[in-house]
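Participant: curious how this folds, go ahead:
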Amino acid sequence: MNCKERILSNDYADIILDYALSESALTELGDDYCFSNIDGEFGVAFLARRELPSISTGAYTYTSVPKLYGLMQTFQVDNLVETGSLQIQGPPLSLKGRGVIIGFIDTGIRYQLDVFRNESGGSRILSIWDQTIQTGEPPEGFLYGTEYTREDIDRALQSQNPLDIVPTTDENGHGTAMVSTAAGSILNQGLTFRGAAPESEIAVVKLKGAKQYLREYYMIADNAAAYQENDIMEAVKYLERMADVFQRPVVIVLGIGTNMGDHMGSSPLASYLGKIALKKSRAVIVCGGNEGDKEHHYSAMMPKEVEMRVEENTKGFCMELWGNRIDIYSVALRAPGGETTPVIDFRNGLGNNYDFLFDRTLVYTRLSLIEQRSGNELVFFRFQNPTPGIWTIIVNPSGPERVRGSGRFHIWLPITDFIDGGVYFLEPDPNVTLTEPSNSQNVITVSTYNGITGSWFSESGRGFTADSLIKPDFAAPGVQVSTILGSRTGASMAAALTAGCVAQFMEWSIVEEYAPFGGSQSIKSLLIRGAVRESNVAYPDERWGYGKLNISGTFEALART
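Facilitator: Take a look at the predicted model:
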């Protein structure tokens, strides 16, 4: 079996490593393995599952098991004027993203559409890496999928049946909608549609779906799109290196997210994105998600009894409790029928199974007293066939009184699309609901508002991070945003509009060389300076960050300095 087959096979587990394996360590794995290096810090090992303990044994570190990420969309006017993008497309600045690459990691693209072509009819898409197609050659330095270059796409566009030549497409439509919003051209569209950066170049990674063993472990709803953390990291690597290959600035935008993680940006993906965002001529845009009103976050000081309602026909779900690095937490569970577990006696890294006799529910719990990357305490829960009704999580302090910290803890349920059924807290906290990896400090994090009415979008994730750092950076329109597939609503649309505005700014700053050494940090600061702020809001704010995105305002602020 070759490396590609191991990467794709459900019989092989994907293990994220936050260190580079030495040659001797690789030799110790035997012959039945594959290893993919992401960068000097992160890599992914693909190992035969038959030789490994099951995930539920607690034999793995928390971050070594890839988290699954879902699409940040909600199906419900154009917002280019609201963001200031349309104003700077015209003279005197005339910024349309020329010379800038916008890279999308999503569900792919319908490359035949006119909005992705230039004036001569050729494609504006530099390349598509389709991780789901294995019949062609993968990108150089990668082990799976098929890469299609602009030459391949142009050849397909000249054919009566383009998909016979370049068979990649976007069955979902989410990726196509994002690309058109950020970078759709106005060719053959009249005045009815245009993207924020209509002359930028485009690169796309179509993510392959998560392996079945991970979907089963996280109990993902059957109809939910789910993507693995390590595949997303490979996609980031592919797009990021284009800055060197093509000698152009690159904007990377993600319209995906997860509720799993400490919400401090310490996950492998968030950490990797943070490193990329510090590089020159790169910018990383991450949406804040749509979990603000879903009642999936709880926060309190211990001791506390946390009540959670599970609705009928809920097959199962995972849940995470995060504490701080000083406190030690003891946990017990009470089922709807009153059956209560003893106080769970954890040993670091080991799990416990509780079979509720009268409720016919199996709950697996695992504790990490010191989670590897964050240093904080983590309790992971996995509810299988949960009895409908009110479940109670009893959280109490444990350990010596003299070393106790603040006593605060957070609990997050999965994103809405991942739950097959319904689960929610009776006393939820709408703050600290930005999905990961948007809590990474170096990336540009965007929350969502209604650009038509100017009002807050109730579903939008909110800040701050769990360790009280300022996120989001600002808000962008994401309600009824025009795309080539019709208007769409959701955090991913806000991220797409922001990516287009950032491409416009990078055209001015890097391509036209007014500020040629800019990256995510300097661009973020300048966008914050130009943001629109209301007199009745104290900034920074958990919902608005430092205000509403307005790229035209950024240039006005520059003119005043």
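
Participant: I'd like to know how many residues surround the closest residue to Tyr227 other than its chain neighbours.
Facilitator: In space, and not counting its chain neighbours, Tyr227 is closest to Leu207: 4.4 Å by CB to CB, 6 or more residues apart in numbering. Backbone N, C-alpha and C define where each C-beta goes, glycine included. Other residues near Leu207 number 25, with proximity taken as other CB atoms under 10 Å.

Participant: give me the distance between Leu207 and Glu41.
Facilitator: Separation of Leu207 from Glu41 (CB to CB, to the nearest Å) stands at 22 Å.

Participant: got it, and Lys294?
Facilitator: Between Lys294 and Glu41 the computed distance is 33 Å (CB to CB).

Participant: so between those two, which is more surrounded?
Facilitator: More crowded of Lys294 and Glu41, by other CB under 10 Å: Lys294, with 22 against 14.

Participant: and that one, how close does it get to Leu527?
Facilitator: Taking CB to CB, one finds Lys294 at 28 Å from Leu527.

Participant: what do you get for Leu497?
Facilitator: From Leu497 to Leu527 the distance is 12 Å (CB to CB).

Participant: adjacent strands (with direction) for the one helix or strand Cys34 maps to?
Facilitator: Cys34 belongs to strand 33-37 when assigned by DSSP states H and E. Strand 33-37 has these partner strands in its sheet, going by DSSP bridges: strand 43-48 (antiparallel).

Participant: ok, back up a step: identify the contacts common to Leu497 and Leu527.
Facilitator: By CB atoms under 8 Å, 6 or more residues apart in numbering, Leu497 and Leu527 have these common neighbours: Leu549.

Participant: which helix or strand in this structure has the lowest average pLDDT?
Facilitator: helix 23-28 (a mean of 60; mean pLDDT, DSSP states H and E).

Participant: now the top strand by length along the chain: buried residues?
Facilitator: Assignment by DSSP state E gives strand 389-398 as the longest strand of the chain. Neighbour counts using 16 or more other CB atoms under 10 Å place 391-395, 397 of strand 389-398 among the buried residues.

Participant: which residues are contacting that strand?
Facilitator: With CB under 8 Å, 6+ apart, strand 389-398 has contacts from 300, 302-310, 321, 327-337, 340, 343, 404, 407, 409, 411, 426.

Participant: point out where the stretch 301-450 of the chain drops to low pLDDT.
Facilitator: Within the stretch 301-450 of the chain, the stretches with pLDDT under 70 are 345-351, 399-405.

Participant: just the chain next, same as before
Facilitator: 20-30, 57, 73-78, 187-193, 345-351, 399-405, 517-518.

Participant: re the thing from before, residues contacting the residue nearest to Tyr227?
Facilitator: 105-107, 131-132, 227, 231-232, 235.

Participant: over to Glu377?
Facilitator: Glu377 makes contact with 322-325, 327-329, 367-371, according to CB under 8 Å, 6+ apart.

Participant: closest one of those to Thr146?
Facilitator: Proximity to Thr146 was ranked across the contacts of Glu377 by CB to CB; first place goes to Glu371, at 36.9 Å.

Participant: mind listing what that closest one touches?
Facilitator: Applying CB under 8 Å, 6+ apart, the residues contacting Glu371 are 62-63, 262, 377-378.

Participant: with Leu269 instead?
Facilitator: Leu269 neighbours (CB under 8 Å, 6+ apart): 67, 229, 232-233, 236, 436-437.

Participant: so what touches stretch 145-155?
Facilitator: Contacts of stretch 145-155 (CB under 8 Å, 6+ apart): 111, 122-123, 125-139, 165-166, 168, 208.

Participant: out of these, which are buried?
Facilitator: For the contacts of stretch 145-155, buried by 16+ other CB under 10 Å: 111, 123, 125-133, 138-139, 166, 168, 208.

Participant: looking at those residues, spot the one nearest Arg241.
Facilitator: Pro139 (9.2 Å).

Participant: that closest one - that's part of a strand, no?
Facilitator: No - using DSSP: H, G, I helix; E, B strand; the rest coil, the assignment for Pro139 is coil, not a strand.
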